[in-house]
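Engineer: using only what follows, build the 3D model:
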Amino acid sequence: IACNTAHHWHAELRAVSEVPVLHIADAAMQALTFCVSGPCSVGLLGTEGTIRSGFYLKYFEPLSLRCLAPSVTAQRELVDRGIALVKCGALGEARACLDTTARQLVDGGADVLLLGCTEIGVVLHDAEVPIVDANRAFAQYCARRWRGACTTLLSHPMPALPPAVSLQNYPQENTDDFHL
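Structural biologist: Next up, the predicted model:
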């Protein structure tokens, strides 16, 4: 799941999935441990939903990491606005909003910034402290897991693949739903 906010429902999704559902916070915590050593303050930038869900806090506590989040006003006027601007393609404006919030978190004591929203990493690349982009960390985490799975798969015989699905097997009126 690439969306940080959607990880609020990770346990429910994992319970009904037949395939592994990895958690983005596992990847983010691995990346954070490379940036910091010991107790420190993490400035968390994400959607209001990500911050309010508290799932990152559950990961921070065992590592003695303190979470700093934007004020309610900064969240609404700068972070949420910045995220919306990225989605609209207004990257310069979005960067200004998110840079301001990042600076506020650093001035408030953040030792590292955790970008907990896909859109934020599009425009926020540098700060006075290290930045961990949860989505970049998650992509790398998934790639490492996949490489490990491939090594395991290659040491076992490959199962037979199911026959290819053909649109010819479907009535003509249903083919509008398929985009190839």
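
Engineer: how many neighbours does residue 137 have?
Structural biologist: 23 (other C-beta atoms under 10 Å). Yep, even glycine has a C-beta here, placed from its N, CA and C like the rest.

Engineer: quick one, phi psi at it?
Structural biologist: phi -60, psi -40 (degrees, to the nearest 10).

Engineer: for it, what are its contacts?
Structural biologist: 24, 27-28, 30-31 (C-beta atoms under 8 Å, 6 or more residues apart in numbering).

Engineer: now the buried members of these.
Structural biologist: Listed as buried from the contacts of residue 137 are 24, 27-28, 31; burial here means 16 or more other C-beta atoms under 10 Å.

Engineer: any idea which of the residues you listed is closest to residue 60?
Structural biologist: Ranked by distance to residue 60 (C-beta to C-beta), the buried ones among the contacts of residue 137 are led by residue 28 at 10.0 Å.

Engineer: list the residues that contact that closest one.
Structural biologist: The contact partners of residue 28, by C-beta under 8 Å, 6+ apart, come to 56, 59, 114, 116, 132, 134, 137-138.

Engineer: related to what we said a few turns ago, okay, and which of the buried ones among the contacts of residue 137 map to helices?
Structural biologist: Secondary structure from DSSP state H places 24, 27-28, 31 of those in helices.

Engineer: the residues you listed: which two are farthest apart?
Structural biologist: 24 and 31, at 10.6 Å, using C-beta to C-beta across those.
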